[in-house]
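Student: have a look; sequence and predicted model below, questions after that.
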Amino acid sequence: MGGCLRLGLLALLHLGSGYAGYFEQIKGKMGEKVGLPCCHELSSSESLQSYRIYWQKSTTEVVLAYVPEQGITTDERYENRTVLDTRNFTLWISPVEILDNGSYQCIVQVLSLARVLCEKHVAFFVTADFSTPNVTAEVVASSCESAEVMLTCSSHGGFPKPKVCGALDSKPVVWNASQVAKSSLSLYNVTAQLWLSLTQDASFTCSLEYNGFVTSTSLLLKKANDCVVLPKPPPYHVIAASSIVIVVFLLALALAARYLSRHGFLSCVFCTAVPAVRCTAMPLALTLWRSERGRWKVESSAEEGCQETPV
């Protein structure tokens, strides 16, 4: 496509007045087939040879042009990827590339009137889907009360530049660090990091927003509970009351033991039974004699003896 055609195209924008201007937004994804609409459609009685049609990008780059004397010509970057609808002048692009993103203009000129019939501006937003976010959690330090966790969310291969959002239990968080890099194919790779002090189980969600599209991933964070928690000591007043009860009980036990020992009721369970000794007088002899008054008397003599008797 020569420079003369480009200069001639720019000059057409200033020929005459009274043409209608339109603006429209079109969205498409990389690799798809997308049509960019123009501003005029031929009737059954009209002929294509009565018009000149120009498609240009950002007012400086010619995409496609139709001139009756030359036919349809296409810029080399769009060759084999663009088709002009000769009825409504729609520009079809397939497959769509990231570099196709931008502002386009369709200009229709009537040859017999030597003026611009209409012009339409089209904002073409190209989108490339990001990969599903990959969320990882690394425990840096932990204690019985909390765990220090570094969360990383990454995604790649998308367009345009996304907005990376994070939420902990549905509450937005602010990233500690984020990095967006652009590849040689104009696609974006994203990495974001968040430092988190985790005290209980929680749900974390990382999402990417771009051109009206959203992709997200959620991760359940579990607080490790592998610490041995020692029971709390009882309050001071409980210890004091318990001590008083124990002291009173010991004093009562001591008094009871003393009372029982004095009255002979205390016995030792673990002691050997001591046999009781019972002493009795044992008769040894009987003597029969007569007193002075002439009476007979029987007299016995005995000696004391002792024998063991079990109690």
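Tutor: Done, it's in.
Student: give the contact list for N211.
Tutor: K27, F125, T127, P160 (C-beta atoms under 8 Å, 6 or more residues apart in numbering). C-beta: built from backbone N, CA, C; applies to glycine.
Student: and the residues you listed as CSV, adding distance to V83?
Tutor: Shown next, in CSV, are those (distance: C-beta to C-beta, whole Å):
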residue, distance to V83
K27, 20
F125, 21
T127, 22
P160, 26
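Student: dump those to CSV, plus neighbour count and secondary structure.
Tutor: CSV is the format used below for those (neighbours: other C-beta atoms under 10 Å; DSSP: H, G, I helix; E, B strand; the rest coil):
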residue, neighbour count, secondary structure
K27, 13, strand
F125, 16, strand
T127, 20, strand
P160, 15, coil
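Student: name the residues of the helix or strand containing C106 that are buried.
Tutor: Here C106, judged by DSSP states H and E, is contained in strand 102-110. Within strand 102-110, the residues that count as buried by 16 or more other C-beta atoms under 10 Å are Y104, Q105, C106, I107, V108, Q109, V110.
Student: quick one: distance of that strand to the chain centre.
Tutor: 49 Å (C-alpha atoms, centre = their mean, to the nearest Å).
Student: any idea of the mean pLDDT in that strand?
Tutor: The average of the pLDDT scores along strand 102-110 is 95.
Student: contacts for that strand, please.
Tutor: Outside strand 102-110, the residues that reach it (C-beta under 8 Å, 6+ apart) are 9, 12-13, 15, 36-40, 50-59, 63, 89, 91, 115-124.
Student: for it, which strands pair with it and how are they oriented?
Tutor: Note on strand 102-110: by DSSP bridges, its sheet partners are strand 51-57 (antiparallel), strand 115-127 (antiparallel).
Student: now N189: how far from A128?
Tutor: Distance of N189 to A128, computed by C-beta to C-beta, to the nearest Å: 12 Å.
Student: what do these two both touch?
Tutor: By C-beta under 8 Å, 6+ apart, N189 and A128 have these common neighbours: G157.
Student: who's more crowded, those two?
Tutor: Using other C-beta atoms under 10 Å as the criterion, N189 and A128 rank with A128 on top: 22 against 16.
Student: what comes up buried for the helix ranked longest in the chain?
Tutor: Counting by DSSP state H, the longest helix found in the chain is helix 236-262. Buried residues in helix 236-262, counting neighbours by 16+ other C-beta under 10 Å, are absent.
Student: can you say which of the strands paired with strand 102-110 is packed in most?
Tutor: Mean neighbour count (mean count of other C-beta atoms under 10 Å) peaks for strand 51-57 among those, with a mean of 23.
Student: so where's the stretch 1-150 of the chain shaky on pLDDT?
Tutor: 1-22 (pLDDT under 70).
Student: was I right about L220 contacting T205?
Tutor: No. Judged on C-beta atoms under 8 Å, L220 makes no contact with T205 at a distance of 10.4 Å.
Student: and these two? Which one has more around it.
Tutor: Higher neighbour count among L220 and T205: T205, with 18 against 9, using other C-beta under 10 Å.
Student: what's the first helix or strand after the host helix or strand of the more buried one?
Tutor: Using DSSP H and E, T205 maps to strand 202-210. The helix or strand immediately downstream of strand 202-210 is strand 213-221, counting by DSSP H and E.
Student: ok and that following strand relative to strand 202-210, angle-wise?
Tutor: 160 degrees (axes from the mean of the first three to the mean of the last three C-alpha atoms, to 10 degrees).
Student: list the buried ones in strand 213-221?
Tutor: Buried-residue list, strand 213-221, by 16+ other C-beta under 10 Å: T215, S216, L219, L221.
Student: again with stretch 53-72
Tutor: Neighbour count says stretch 53-72 has I53, Y54, W55, Q56, K57, V62, V63, L64, A65, Y66, V67 buried, by 16+ other C-beta under 10 Å.
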